[in-house]
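1. Take a look and give me a structure for this.
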Amino acid sequence: MERLRIGELARETGVTPRALRHYEQAGLLSSERGHNGYRDYTEQAVRRVRNIRYLLDAGLTLEDVSCFLPCLDGDLANGPVGAAGLNVARNRLAVLDARIAAQTRVRDRLASALRAVDVGESDTPVPDPPSDPSNPSDPSGPSRPPGGPRP
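-> Down below sits the predicted model:
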């Protein structure tokens, strides 16, 4: 079985060596150390890293991805996903749905304001959208002064 060094695995999968080390630190990837101290990965690591990236790109966190360890080396769609993995995926989907709904509300307010301007009602002030400062996923707020520090 051919072994890959960290740079080769990075090139093959399109991730940085730093990301690979981070995946190792998180317990998602493993390597052996050669006599020279370099990390050596099996060819199976290519599939594992691609599956990790797929799950991260789908909105999961590294902690979430750890629930999918049993199926990272194979076909994710047909792998042995346990109850914890299914719960994580369902929860992330619910979060995404809530964000989409919030963004849709913001979009609708903007579209309404633009329609009012187009119709000639530009003298009518457009009310500020309500903001929930306790909700960081609320896309409408909290506001910050221009050039001020980001929250």
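
2. tell me the mean pLDDT over the lengthiest helix in the chain?
-> Ranked by residue count under DSSP state H, the longest helix found in the chain is helix 83-118. On average, the pLDDT along helix 83-118 is 93.

3. Just give me how far it sits from the chain centre.
-> Offset of helix 83-118 from its chain centre (CA atoms, centre = their mean, to the nearest Å): 16 Å.

4. List the buried residues for it?
-> Residues 85, 88-89, 92, 102, 109, 113 are the ones in helix 83-118 that count as buried (16 or more other CB atoms under 10 Å). Heads up, the C-betas are built off the backbone N, CA and C, glycines and all.

5. list the helices and strands that helix packs on?
-> For helix 83-118, there is no helix or strand it packs on, judged by 3 or more CB pairs under 8 Å, 6 or more residues apart in numbering; DSSP states H and E.

6. for the protein, what are the low-confidence residue spans?
-> Applying pLDDT under 70 to the chain flags the ranges 1, 121-151.

7. Now for the most centrally placed residue in the chain: which residues touch it?
-> The residue lying closest to the centre of the chain (CA atoms, centre = their mean) is residue 59, at 3.3 Å. Shown in contact with residue 59 (CB atoms under 8 Å, 6 or more residues apart in numbering): 92, 95-96.
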